[in-house]
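**Student:** Can you look at this prediction? I've put the sequence above it.
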Amino acid sequence: MSDFDPNTVSIRDESIRLGQLLKLANFVEDGIEAKALIEQGLVKVNGEVETRRGRQVRVGDSVTLDETTLTVQSHDASIG
């Protein structure tokens, strides 16, 4: 049985830009789509609407789009 958790996304570094995270989590297909969703105020970081695509999202932060919330975790944590 896999330890895959659909409510987490793993990053290699301490932080990642919000637009990149949306692509990594398969919320969007490309940066253009990410930019549009973010600018429309449809993305929340830690419960607050975020309109900056370059916002640094860090391990432990949560990102919400529609009814889906993901928690950012360290890539190292997902290996164990």
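**Tutor:** Thanks, I have it.

**Student:** where exactly do the strands run in the chain?
**Tutor:** 8-11, 15-17, 43-45, 48-49, 56-58, 62-65, 68-74 (DSSP state E).

**Student:** Relative to the shortest one, what are the paired strands and their orientations?
**Tutor:** Looking back up the chat, that one is strand 48-49. Using DSSP bridges, strand 48-49 pairs in its sheet with strand 43-45 (antiparallel).

**Student:** Please enumerate residues in contact with the strand it pairs with?
**Tutor:** With contact meaning CB atoms under 8 Å, 6 or more residues apart in numbering, strand 43-45 is reached by 18, 22, 37, 49-50, 55, 57, 61-65. From N, CA and C alone the C-beta is placed, and that goes for glycine too.

**Student:** centroid residue for this structure?
**Tutor:** residue 21 (4.1 Å; CA atoms, centre = their mean).

**Student:** quick one, what contacts the closest residue to it other than its chain neighbours?
**Tutor:** Leaving aside its sequence neighbours, residue 21 sits nearest to residue 57 (CB to CB, 6 or more residues apart in numbering; 5.2 Å). Contacts for residue 57 (CB under 8 Å, 6+ apart) come out as 15-18, 21, 45, 63, 72.

**Student:** would you turn these into a markdown table with distance to residue 31 and pLDDT?
**Tutor:** Listed next are the contacts of residue 57 as a markdown table, based on distance: CB to CB, whole Å; pLDDT from 0 to 100:
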| residue | distance to residue 31 | pLDDT |
| --- | --- | --- |
| 15 | 17 | 95 |
| 16 | 13 | 97 |
| 17 | 10 | 97 |
| 18 | 11 | 97 |
| 21 | 12 | 96 |
| 45 | 17 | 98 |
| 63 | 16 | 97 |
| 72 | 19 | 96 |
